[in-house]
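Peer 1: Sequence and predicted structure below; questions after.
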Amino acid sequence: MVLSRKQWVFVIILVLTFIGMGGVAGFVFAATLSFVPAYYYLRSIRNSEEKDREPWDVLKIAFAWGAVSGVFLAIVFNGLGISLLLVFLAEGGTVSDDLVLILSVVVVAPIVEEFVKPIVMFRNTEVRSNIDEVEDGLVYGAACGLGFGATENILYGLSEDAVTAGYLGILAVVVLRTVSSILLHLVATSFTGHGISKYLVEGQPFSIVIKYYFLAVLIHAAWNGAAVYSMIYTDNFSGVLILIFSIMLAIGGLEFSRRRIREIDMEGSNIMSNQIRSSEVSKTWGDSSKWDKSNVSTTAVPKDGTTSPTLYSTDDRTSAQTWFANIDWKSAVGTGIFLLFILGDMLQLF
């Protein structure tokens, strides 16, 4: 069963809310526009693995968590965070609406959302037991982010302005977010998932999860910051340029995630090291893992005498040299131009 009883309660609450916002027809229209592309994005991420692709039944659990529990928890904790923020700001006197908007969207939302989206990777034993390779964290993190982004698309697609404009308004909002914001959620949460898989599979300290979590928060905050900046400080032309760059970066992030999954998958991961971290995972090895015990070699050298591929390179290059060699220069240049454009526009304000 993909959804628990609590999640079904959350689904009912969300569906009734969405119907109240846009009617039954509007909800069905927005949901179809949101979830169909999300499925194809997820299939693309899953198929990036050449070996041992993740089972759909388990991916559905991660996706459903993001789409239901993740969204519900985000609404609750975002509300609490913004309330605390208002109380804190009120102590200093008059509160600027723009300041509240910026702090809510750029600070509170990324911290909350990047925390709640991947919780299922720890909480659900079936998902956790299937994270037996380093790249699996990227895949399940992306699934959580896609589920969250799909439901969020419905929320924005059924906003008052979009519904007032009719089906074309809903279509415009959801399609625009389908090639931008939903990919942001995919990419950001895949980073946190990567940290979780390093913790579970490689036995690295829990600080690696925190490191990748804050990286996801930074990515999310930068994205939201650009969106808010384009709303408050720029003219229509500048806003369109920022939107175009944002879409390019989102698509580039999707391709980066797919390429990274493929690279790690082809290098080969030591699935046996998963036993280092979790006794629960070890206990469910024969029952829950998608690997058959009989197919797992207990030796480091295959029967044909060849050497198994290693996850890490043993060459003499420094970490800086490795980073320099592996960087995606097209994305880096695009990001640089994007940031310079925003900086130049900001300098015009003073």
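Peer 2: Structure's in. What do you need?
Peer 1: Where does Met21 sit, in terms of helix or strand?
Peer 2: Per DSSP states H and E: Met21 is located in helix 5-46.
Peer 1: tell me the secondary structure for Leu3?
Peer 2: coil (DSSP: H, G, I helix; E, B strand; the rest coil).
Peer 1: Now do it against Ile232, distance only.
Peer 2: Leu3 sits 39 Å away from Ile232, going by CB to CB, to the nearest Å. Yep, even glycine has a C-beta here, placed from its N, CA and C like the rest.
Peer 1: Ala25: how many residues sit nearby?
Peer 2: 10 (other CB atoms under 10 Å).
Peer 1: can you list the weak-confidence ranges in the chain?
Peer 2: Counting by pLDDT under 70, the ranges of the chain that qualify are 1, 92-93, 233-243, 245-246, 268-350.
Peer 1: which ones are touching the most centrally placed residue in it?
Peer 2: Against the mean C-alpha coordinate of the chain, by CA atoms, centre = their mean, the closest residue is Thr189 at 2.7 Å. Counting by CB atoms under 8 Å, 6 or more residues apart in numbering, Thr189 makes contact with Gly66, Glu114, Lys117, Pro118, Gly141, Ala142, Cys144, Gly145, Phe148, Ala216.
Peer 1: What about the third one, how many residues nearby?
Peer 2: Burial of Lys117, expressed as a neighbour count using other CB under 10 Å, amounts to 32.
Peer 1: Tell me which of Leu3 and Ile232 has more neighbours.
Peer 2: Neighbours were tallied for Leu3 and for Ile232 using other CB under 10 Å; the higher tally belongs to Leu3 (17 against 11).
Peer 1: now that one: how far from Cys144?
Peer 2: According to CB to CB, Leu3 stands 15 Å off from Cys144.
Peer 1: follow-up on the earlier one: how much space separates the residue nearest to the centre of the chain from Glu50?
Peer 2: Look at Thr189 and Glu50: by CB to CB, they are 23 Å apart.
Peer 1: ditto for Ile75
Peer 2: Using CB to CB, Ile75 is found at 38 Å from Glu50.
Peer 1: Which one of the two is surrounded by more residues?
Peer 2: Applying other CB under 10 Å to Ile75 and Glu50 shows that Ile75 carries more neighbours, namely 17 against 10.
Peer 1: Where does the more buried one fall, secondary structure wise?
Peer 2: Per DSSP H and E: Ile75 is located in helix 71-90.
Peer 1: Which SSE is immediately downstream of that helix?
Peer 2: Downstream of helix 71-90, the next assigned helix or strand under DSSP H and E is helix 97-103.
Peer 1: Go ahead and name everything in contact with that following helix.
Peer 2: Under the criterion CB under 8 Å, 6+ apart, residues Ile82, Leu85, Leu86, Leu89, Gly225, Val228, Ile232 lie in contact with helix 97-103.
Peer 1: For these, work out which two are farthest apart.
Peer 2: For these, the farthest-apart pair by CB to CB is Leu86 and Gly225; their separation is 19.9 Å.
Peer 1: Between these two, point out the one with more neighbours.
Peer 2: Using other CB under 10 Å as the criterion, Leu86 and Gly225 rank with Gly225 on top: 16 against 13.
Peer 1: quick one, what contacts the more buried one?
Peer 2: Ile102, Val105, Val106.
Peer 1: hmm, 10 Å instead?
Peer 2: Residues near Gly225 by CB atoms under 10 Å, 6 or more residues apart in numbering: Ile102, Val105, Val106, Val107, Pro110, Ile342.
Peer 1: Highest neighbour count among those residues?
Peer 2: Counting neighbours by other CB under 10 Å, Pro110 leads the contacts of Gly225 with 22 neighbours.
Peer 1: how about the nearest residue to Val105, chain neighbours excluded?
Peer 2: Spatial nearest neighbour of Val105, chain neighbours left out: Asn224 (4.7 Å); criterion: CB to CB, 6 or more residues apart in numbering.
Peer 1: Would you mind measuring from Glu263 to Lys6?
Peer 2: Glu263 is 38 Å from Lys6, by CB to CB.
Peer 1: same question, Phe63
Peer 2: Separation of Phe63 from Lys6 (CB to CB) stands at 17 Å.
Peer 1: same thing with Arg128?
Peer 2: Using CB to CB, Arg128 is found at 19 Å from Lys6.
Peer 1: Check which helix or strand Ile244 maps to.
Peer 2: Secondary structure from DSSP H and E places Ile244 in helix 236-267.
Peer 1: what's whichever helix or strand Ile111 is part of packed up against?
Peer 2: Taking DSSP H and E as the criterion, Ile111 maps to helix 109-116. Judged by 3 or more CB pairs under 10 Å, 6 or more residues apart in numbering; DSSP states H and E, the packing partners of helix 109-116 are helix 71-90, helix 134-157, helix 181-201, helix 207-232.
Peer 1: repeat that with 7 Å
Peer 2: Where contact means 3 or more CB pairs under 7 Å, 6 or more residues apart in numbering; DSSP states H and E, helix 109-116 is packed against helix 71-90, helix 181-201, helix 207-232.
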